[in-house]
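1. Just to be clear, the model below is a prediction. Sequence and coordinates:
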Amino acid sequence: MNLFRNHRNRVFSAAAFVVIAALIVFGPISASPSNAQSQTQDAAAIKFEFDVASVKPSNPNAVGGFMTIPGPGAVSDTFSVKNLTPIMLIRSACGIPMGAADSRIAGAPSWLSSEKYDVEAKIDSSVVEQLKKLSPDQRSLAQQHMLQALLADRFKLVIHRETKELPMYTLVIAKNGPKLQESKPEDAPPQDGGRGRGGRGGNWLRMTGRGGPITGHMAAVADLSELLSVLLGRPVQDKTGLTGKYDFTLQWTPDEGQQGPNFPGDSAGASAPAAPESNGPSIFTALQEQLGLKLESGKGPVEIIVIDHVERPSGN
């Protein structure tokens, strides 16, 4: 279970539709076994939690919303949320993509998806220093526990996990084989907005607007399957067996059912990206024609979150 799957800052807003971008900038770093063991011992010696936290109902006239989460390169002492529903926080705390189907969470009262809150939380400097020493995966786990603890404390949230047979897709290699181009790190294009490591290179996967395109550089197929899960509203399991890093662009026209997973910050008054061309291929056809991959529909075991108890937050 991985809360902050992104290894950079996450910012959600309606105008830029960066909730998708937040899920698709990847740059994993691996620690050596000896370092990992030492970091695990460090993590066990300190209690990862927010020092202080404020939870307040949002301004009812506020438009859009965002969540900022510090990435591994620059661990911040602040966690900030503006105008988001508690269900979005629960999704993050439990590692469920923001656009995933509602069937992944059971027992949620309606107010979790309708009421909106602002959260400001601070992390003690000693905890920040310990977070900096962890590997990205260990830091993600620690940050996940911190948000879970905040929800348990302020919303009295109690959950358990179950496995349920749900509709899902399997990503496989199409009949004529993959059409993905292996990445060449030396040919890495410059990154806009400073997203690449050092301004150039790095591995990333991003999407512009609701209808794409999806562009990847040194991207893993497993990361693509995660993004497809968000777009299609159901889990996508990668069974391609492809373990390399690839450069690609995927262009398609979304069906009506793919136009609007409920992302943070969406609102009637917010600006939206331009609509894609109406005569383009579906995402299923585009995957086969452009990448040599295929989505197969079926059912499979999916972990779901069951809410046993939750309350509106107490006063600060």
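-> Received it, and whenever you're ready, just let me know what you need.

2. Give me the next element, helix or strand, following the lengthiest helix in the chain.
-> Ranked by residue count under DSSP state H, the longest helix found in the chain is helix 136-154. Using DSSP states H and E, the next helix or strand after helix 136-154 towards the C-terminus is strand 158-173.

3. Determine the angle, from 0 to 180 degrees, between that next one and helix 136-154.
-> Counting by axes from the mean of the first three to the mean of the last three CA atoms, to 10 degrees, strand 158-173 lies at 140 degrees to helix 136-154.

4. Just checking: what are the partner strands of strand 158-173?
-> strand 236-238 (parallel), strand 293-309 (antiparallel) (DSSP bridges).

5. Report the buried residues of the following helix or strand past the first one.
-> If I follow you right, that is strand 236-238. For strand 236-238, the following helix or strand on the C-terminal side (DSSP H and E) is strand 246-250. For strand 246-250, burial by neighbour count (16 or more other CB atoms under 10 Å) applies to 246-248, 250. Quick note: C-beta positions are derived from backbone N, CA and C, even for glycine.

6. Starting from strand 246-250, tell me which strands it pairs with and how they run.
-> Strand 246-250 is paired, per DSSP bridges, with strand 181-182 (antiparallel), strand 214-219 (antiparallel).

7. Next one: V119 from I305, what distance?
-> 19 Å (CB to CB, to the nearest Å).

8. who's more crowded, those two?
-> A count of neighbours by other CB atoms under 10 Å puts V119 above the other of V119 and I305, at 23 against 19.

9. Just checking: what are the partner strands of the helix or strand encompassing the more buried one?
-> Assessed by DSSP H and E, V119 sits inside strand 117-122. Strand pairing for strand 117-122, determined by DSSP bridges: strand 52-57 (antiparallel), strand 78-84 (antiparallel).

10. quick one: which of those strands is nearest A219?
-> Ranking those by proximity to A219 (CB to CB) places strand 78-84 first, at 27.7 Å.
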